[in-house]
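Got a predicted structure here, sequence first:
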Amino acid sequence: MIKKLGLIMDFIKIEHTLFALPFAYLGAFLAQNGLISLRTFILIATAFTGLRTAAMSLNRIIDREIDALNPRTASRHIPAGLISLREAYAIVAISLAVYFISAYLINETAFILSPIPVITAYVYPYLKRFTVLSHYVLGLNLAFAPMGGWIAVTNSFDFLGKDMLAFLIGVAVIFWVAGFDMIYALQDYDFDRKHGLHSFPARFGIRASKAVAFINHIAFFSILSYAILHVYSPGLFVRIGLAIILAIIIAEHLIVNLGKDEKAIQIAFFYMNAALSSVLLVFTFLDVLL
């Protein structure tokens, strides 16, 4: 039983929640301009974790045949027979139930809009078969995090009002995710070209992908900085946080430019980006609190 639970946790990559959950809390903190209730804090976590788990599971289900052909991914749980297809669908069902129940308990607006991220999560895995824009659709799926956090607190979403702050942060997240997803796709450059998959590296090459990934991250930093500095008008802590984020972006791309080996890409993909979102949340929280 414990072994099976460990397989499931590894299958859903629960640690990847660290990528965007901080952005959901960021939206909530900025909307509240301070601390949020414990109830809202917990429901944001359960809603986001439920959605992300369902999205990851759907990705594994939809890509199972491709994963089986790719030497890098052939050992993943479904191709390797560690998780059955029936079990994977059960994980999706349970995760979506947690997500929709959490959205319902948060507020009416959150529940009404809750199907939208599920749709983009379902569509994303198919797009890599047709277009390089799949990287940006994945970004769109995570861009709902700051907007969702805002909605969780305000029970409204007005693009023309003060909520533009959450919208701009969401747009920034699209470019952030697209950039690091292009970096991640470098690992499968040869495989994607051979099997006609439309990742950015397979379509435009490794050098162009590294350059465009960096451009995406500069766009992310620029939009985020504008949203934070000109719309939110923060104090010293957030400014320090933005400086650290810029340093993380530069370090990430220095690591990637050393080569496309899996170890360097994993460091840039997971550790650097988890640190980036966490730094933004922590320094914004300190700024709002103090």
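Yep, that arrived. Residues are numbered from 1 along each chain as shown.

Spatially central residue for the chain, please.
Leu142 (4.2 Å; Cα atoms, centre = their mean).

Name the SS class of Cys129, please.
I think there's a mix-up here, since residue 129 is Arg and not Cys. coil (DSSP: H, G, I helix; E, B strand; the rest coil).

number of nearby residues for Phe51?
That one is not Phe; residue 51 is Leu. Neighbourhood size, Leu51 [other Cβ atoms under 10 Å]: 28. Using the backbone N, CA and C atoms, a C-beta is placed for each residue, glycine as well.

next one: Leu133
15.

Which helix or strand contains Val288?
Using DSSP states H and E, Val288 sits within helix 272-289.

Quick one: mean pLDDT over that helix.
Helix 272-289 carries an average pLDDT of 83.

what's in contact with it?
15, 18-23, 25-26, 29-30, 33-35, 176, 180, 224, 228, 234-238, 240-242, 244-245, 248-249, 251-252, 255 (Cβ atoms under 8 Å, 6 or more residues apart in numbering).

among these, which ones are buried?
Listed as buried from the contacts of helix 272-289 are 19-23, 25-26, 29-30, 176, 180, 224, 228, 234, 237-238, 241-242, 245, 248-249, 252, 255; burial here means 16 or more other Cβ atoms under 10 Å.

In helices, which of those residues appear?
19-23, 25-26, 29-30, 176, 180, 224, 237-238, 241-242, 245, 248-249, 252, 255 (DSSP state H).

what about the residue nearest to the centre of the chain, distance to Gly179?
Separation of Leu142 from Gly179 (Cβ to Cβ, to the nearest Å) stands at 12 Å.

Could you look up the SS state of Glu65?
Glu65 - assigned by three-state DSSP - is helix.

That one: how many residues sit nearby?
Residues near Glu65, counting by other Cβ under 10 Å: 9.

Next one: it from Ile42, what distance?
38 Å.

cool, and Asn107?
14 Å.

now swap in Ala211 and tell me
42 Å.

And Leu242, by the same measure?
29 Å.

next one: Val173
Counting by Cβ to Cβ - Val173 and Ile42 are separated by 23 Å.

With Leu254 instead?
Applying Cβ to Cβ to Leu254 and Ile42 gives a distance of 38 Å.

which regions of this protein sit below the pLDDT cut-off?
Within the chain, the stretches with pLDDT under 70 are 1-2, 4, 34, 159-163, 259-264, 266-269.

what number of residues lie near the closest residue to Leu96 other than its chain neighbours?
Among residues not flanking Leu96 along the chain, Ala54 sits closest, at 4.9 Å (Cβ to Cβ, 6 or more residues apart in numbering). Residue neighbour count, defined by other Cβ under 10 Å, stands at 25 for Ala54.
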